[in-house]
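# got a predicted model here, sequence first, then my questions.
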Amino acid sequence: MIQISYLYKNREFIYLEDTFLNQLAEKARKMLYALLEPLHEALMRETGRIMINLDTHPRIEIVGFSVDLRNRIERTWRGEE
């Protein structure tokens with residue numbers, strides 16, 4: 001199962017308090033789910049989190065998935081799979 005959370009100023013959020021940011025976050029969450037749809041079966045077998053860091057250097061971290069699944073997720077994001 002996947003959990004998507006957001007990090008901002010070293011605080012973790014499941015939902016953001018600002019309405020505009022929350023709308024952007026929900027759109028990003030939907031796009032991530034759509035992008036990872038081909039990996040649905042593998043994602044349901046493992047427990048992990050995708051953390052989107054919104055600080056000065058934005059980045060996406062994949063935590064808790066096996067190395068193989070993490071590599072498949074990253075290849076999917078790059079359009080290689």
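Perfect, thanks for sending it. Residues are numbered from 1 along each chain as shown.

# how about the strands in this structure?
Counting by DSSP state E, the chain has strands at residues 2-8, 11-13, 48-53, 59-63.

# skipping its backbone neighbours, what lies nearest the most centrally placed residue in the chain in space?
Nearest residue to the geometric centre of the chain (C-alpha atoms, centre = their mean): residue 50, 3.3 Å. Excluding the flanking residues, the one nearest residue 50 by C-beta to C-beta, 6 or more residues apart in numbering is residue 4, at 4.9 Å. From N, CA and C alone the C-beta is placed, and that goes for glycine too.

# thought the one you found was touching residue 31?
No - here residue 4 lies out of contact with residue 31, judged by C-beta atoms under 8 Å, at a distance of 10.6 Å.

# between those two, who's got more neighbours?
More crowded of residue 4 and residue 31, by other C-beta atoms under 10 Å: residue 4, with 16 against 10.
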